[in-house]
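Asks: build me a model:
(one chain, ligands or ions: 1)
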Amino acid sequence: MFIDTHCHLTDKQFADDIELTFDYSQQVGVDKFITSGFDLPSSQKAVEFATKHNNVYATIGIYPEFADKADLQGLSSLKELAQNAKVVGIGEIGLQFTEGAPEKEVQIKAFERQIELACALKKPIVIHSRDAMGATIEVLEKNKDKLVYGGTMHCFSGSTESAMRIIKLGLYISVGGVSTFKNAISLKETLSHIPLDKMILETDCPYLTPHPYRGKRNSPAYIPTIAENLAKIKGVTVDEVAKVTYANSKKLFRLEG
Ligand code: NI
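Replies: Have a look, this model is predicted:
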């Protein structure tokens, strides 16, 4: 069995066939799903969706692109949403230093505020980092006393050195579709050095579809494809990948069953 620890099941790309996608994913062995918010409306939707489905959980948070919304009012809305028992983490939160993104200082402030919120709520964090891995790790290291409930580096694609610093903070490495890409040579090398008991699986669907399905919409049903690729990288069986990552995911997000 597998857990898709990071997906966007409320995305409009699933609007017409979510139940079908969901059933098919369960048929291929994905029996738990964590649907992720990235701003207040999507976090609200994620919680509603999780409430309607037994094996779906939600994470809620404000993504770097919307960092200015992580003000006192935004944080209090997140805090209120987090009272729902299906909320298992705070995220996606983090840093994205791409063109047009909010100022670095604004992003760092929003990230730190939400790390603090997660700690107060006793929940793990789900970290998004794009073109900002060094700064993201610096923020995490600076706030390491607030990481007691753990977290994961969503869609990890950094260096071995970054991975080791993340693990040292007690955080997990999330392995997604990018690890299957033909040109992901250095990522595959990095993953070969990371212990399996520090890894969890995710699709980030509908985005980042794994090879050989690139170009199609991503779905939690592709988790076994990501697991097969990881099994090859680690030189273990797919069953071993399933068993270890399932246990890791349950432990991190404190899932029952
Ligand atoms: Ni995502």
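Asks: make it CA atoms for all contacts and neighbour counts henceforth
Replies: Fine.
Asks: was I right about Val30 contacting Asp4?
Replies: Yes. With contact defined as C-alpha atoms under 8 Å, Val30 reaches Asp4; the gap is 6.8 Å.
Asks: average pLDDT across stretch 125-134?
Replies: The predicted model assigns stretch 125-134 a mean pLDDT of 98.
Asks: end-to-end on that stretch?
Replies: 18 Å (C-alpha to C-alpha, to the nearest Å).
Asks: buried residues in the helix or strand containing Ala242?
Replies: Following DSSP states H and E, one finds Ala242 within helix 238-253. Residues 238, 241-242, 244-250, 252-253 are the ones in helix 238-253 that count as buried (16 or more other C-alpha atoms under 10 Å).
Asks: which of the residues you listed lies at the shortest distance from Ser192?
Replies: Ser192 lies nearest to Val241 out of these, by C-alpha to C-alpha, at 12.9 Å.
Asks: just checking, that closest one touches Leu196?
Replies: Yes. Assessed by C-alpha under 8 Å, Val241 is found in contact with Leu196 at 7.3 Å.
Asks: can you tell me the average pLDDT over the longest strand anywhere in the chain?
Replies: Longest strand in the chain, counting residues (DSSP state E): strand 87-96. In this model, strand 87-96 has an average pLDDT of 98.
Asks: just give the strands next to it in its sheet, each with its orientation.
Replies: Here strand 87-96 has these sheet partners by DSSP bridges: strand 56-60 (parallel), strand 125-130 (parallel).
Asks: count the neighbours of Tyr172 for me.
Replies: Tyr172 has 25 neighbouring residues, counting by other C-alpha atoms under 10 Å.
Asks: that one bridge partners, please.
Replies: Here Tyr172, judged by DSSP bridges, has bridge partners Thr152.
Asks: please name the residues that touch it.
Replies: 150-153, 166, 198-200 (C-alpha atoms under 8 Å, 6 or more residues apart in numbering).
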